[in-house]
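Student: A structural model of the following input is requested.
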Amino acid sequence: MLDSEVKLTIGRSVTSDIVLADDSVSRLHAELICSKNGKIFLIDCHSFNGTKLIRNGAKTSITQTFRTASDILEFGDINIPLNDLLEAVSAKTNASDLKLDPISRPDVPNKKPWICGSALVRCQCGAVKQRDSICQECGK
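Tutor: Now for the predicted structure:
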């Protein structure tokens, strides 16, 4: 399998390493495994709404597969670029020696709300925002 890997859970549960607080996301939705050699492995943990790869507007269901940093993933109703999840891996592990796949990893000027595991909620307008914060979409 993978050598010297970092394994993170993705889900709605507050015990997940990366919390996606949306009802469409399962408590334990998926696992992200990054190896020191840059391989990225994604496993859907039998989530209710599934994990999908979005490429050229088409969605493909994922059970377990190697991915690249340029992929966009869908967990339930939440679309997240894999780059952002890789930033979460770096933030969670504080491992500067963890070599992540450099493909299409632009610098992220602002931390995304899910990087630190903060609680996300769905606004009345349908956008996802941090709990107790003003929505970027509608201003409420």
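
Student: for stretch 52-65, the distance to its chain's centre please.
Tutor: From the chain centre to the centre of stretch 52-65 is a distance of 14 Å (C-alpha atoms, centre = their mean, to the nearest Å).

Student: Check the secondary structure at Asn79 for me.
Tutor: Using DSSP: H, G, I helix; E, B strand; the rest coil, the structure places Asn79 in strand.

Student: I'd like the distance between it and Ser47.
Tutor: Per C-beta to C-beta, to the nearest Å, Asn79 is found 15 Å from Ser47. Where you see a C-beta, it was placed from the backbone N, CA and C, and this is true even at glycine.

Student: What of Cys123?
Tutor: 23 Å.

Student: And these two? Which one has more around it.
Tutor: Comparing Cys123 with Ser47 by other C-beta atoms under 10 Å, the one with more neighbours is Ser47, at 19 against 16.

Student: May I have the distance across stretch 13-30, first residue to last?
Tutor: 12 Å (C-alpha to C-alpha, to the nearest Å).

Student: Could you give me the buried positions within that stretch?
Tutor: Buried residues in stretch 13-30, defined by neighbour count with 16 or more other C-beta atoms under 10 Å: 16-22, 24-26, 28-30.

Student: Looking at those residues, which two lie furthest apart in space?
Tutor: By the measure C-beta to C-beta, Asp17 and Ser24 form the most distant pair in the buried residues of stretch 13-30, at 18.9 Å.
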